[in-house]
Structures are given as structure tokens and as C-alpha cells.
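Novice: model this:
(2 chains)
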Amino acid sequence: DAGVTQSPTHLIKTRGQQVTLRCSPKSGHDTVSWYQQALGQGPQFIFQYYEEEERQRGNFPDRFSGHQFPNYSSELNVNALLLGDSALYLCASSFGRQGVIYQYFGPGTRLLVL
Amino acid sequence: AQSVAQPEDQVNVAEGNPLTVKCTYSVSGNPYLFWYVQYPNRGLQFLLKYITGDNLVKGSYGFEAEFNKSQTSFHLKKPSALVSDSALYFCAVRDPKAAGNKLTFGGGTRVLVKP
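Specialist: Next up, the predicted model:
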């Protein structure tokens, strides 16, 4: 049973470009969350998708957008990249309908903006 | 708004000695609390959670944590540390009243276990 997978593992972009990161949730999970982890800091919640809708959003600008597909996989898009967007982007999946759930995290995508 | 504080950036401990990593939280109502560990160039691995019930929670790899409501703390403990426990540890809180299951993390505590 594959866990949460993310692609690519590493990415280098320049300021002003756009980037798309991808996430496949753990088998049986239907909820995907995205987090940004800057160097030396804890992860910060970006948003969460459930049933192809954005269910919850953190304090990130509209340059950060996402999508969830019918197979529950998800994309994170960042437009007009800034140097400060350099970070490890973590995807987490969970089973979102009921009960207490903890999130399984993927290995992350490390984004460097030059 | 919910928040988590991990007051120590780094904890140093000798192998075989007890390990404690501190965490305090702020959330309205009764919190859901979590500990995750992160090894270099890896994602986060779940260690344990507190939802309700016994204040002492046992988790993976011999770790446990004690929920203290009056002190709003959820300290992580291990009776005898191993060199392989050296990693970055994150405490997180979730507001059970919120629609989603957003986690708010502390800034992390680096644990260094010396042989």
C-alpha cells in the first residue's frame, strides 16, 4: 500500500514563474491538505481539499491555488513566484468524513526560487 | 485562533537518559493534540495523538506524551533516548470545532542524542 506520494521531489524556478506541484493521497483517503515549511520553521497550513472543493484555507495569498481531482489526487499551483516561496511543500492526506483523523504526510517537494 | 509554542529550539541529551520535549498550546475548547517527527529530507511521521480520555498517551517508538489541561501543555517524553531519536520534533493542535482538520504546528524542537 503506497503512502502519500508527491512529485517532483525538487524544483528550481525563477521569480515571476508559475509552478505546479502534485500529490497522490494514501489509498482510501479522500482529503488532501497542503503545507508550506520554510527552512527552520514549522509547517504552515495552506489549504485543504475534500470532495473536489476547498474546505479550509490558511493565510496565504490568492497566488496559491489548488485543485482536487475525482481520484482524490491534488495539485498546488503557485503563480508569480517570489523568493520567499522557497520552501518544502508538504502534502498530507486523511479520511475526512467522520471521527478523529490524523494526517499522513508525503516526503515533500523542495522548491527553490532564484 | 489556535497556536502552539515549543519553547526550546534544541534539546541535547545523552543516550540512555530520559528525553522531554516541551509543548504548550492555545485553542478554544478541548484540543486535539499531535506529535510528529521529521528526519532530514523527509516528510513528517506521526508519533501520537491526544483526543480524549487518559492524559498519558503512548505512541510509536517508545514515545509518550502527557496532556495537562490546566497548564495547556502536551510534553513529549521518552524514558531512555536512543541516538536514532535525533531528529526534528513538531507539536501540532487541531480545533475540533473547525470544519476541516487543519493542523497548526509549533516551530519545532531539534533533538540531539549523543552516544
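Novice: show me what contacts the closest residue to residue A:53 other than its chain neighbours?
Specialist: Spatially, and ignoring its direct neighbours in sequence, residue A:53 is nearest to residue A:68 (7.6 Å; Cβ to Cβ, 6 or more residues apart in numbering or on different chains). (C-beta placed from N, C-alpha, C; glycine too.) Residue A:68 makes contact with A:32, A:49-53, A:74, according to Cβ atoms under 8 Å, 6 or more residues apart in numbering or on different chains.
Novice: and for residue A:83?
Specialist: A:15, A:113-114.
Novice: now do residue A:29
Specialist: Listed by Cβ under 8 Å, 6+ apart, the contact set of residue A:29 reads A:72, A:93-96, A:104.
Novice: okay, residue 81: pLDDT?
Specialist: I went with chain A, as the question did not name one. The model reports residue A:81 with a pLDDT of 98.
Novice: wait, chain B
Specialist: pLDDT, residue B:81: 97.
Novice: chain B: helices as residue ranges?
Specialist: Applying DSSP state H to chain B gives no helices.
Novice: quick one: the strands in it, in order.
Specialist: Under the criterion DSSP state E, strands of chain B are mapped to B:3-5, B:10-14, B:19-21, B:24-26, B:32-38, B:44-50, B:56-58, B:64-68, B:73-78, B:87-94, B:104-105, B:109-114.
Novice: and chain A, by the same measure?
Specialist: Applying DSSP E to chain A gives strands spanning A:5-7, A:10-13, A:19-24, A:31-37, A:44-50, A:53-57, A:64-68, A:74-78, A:87-94, A:104-105, A:109-113.
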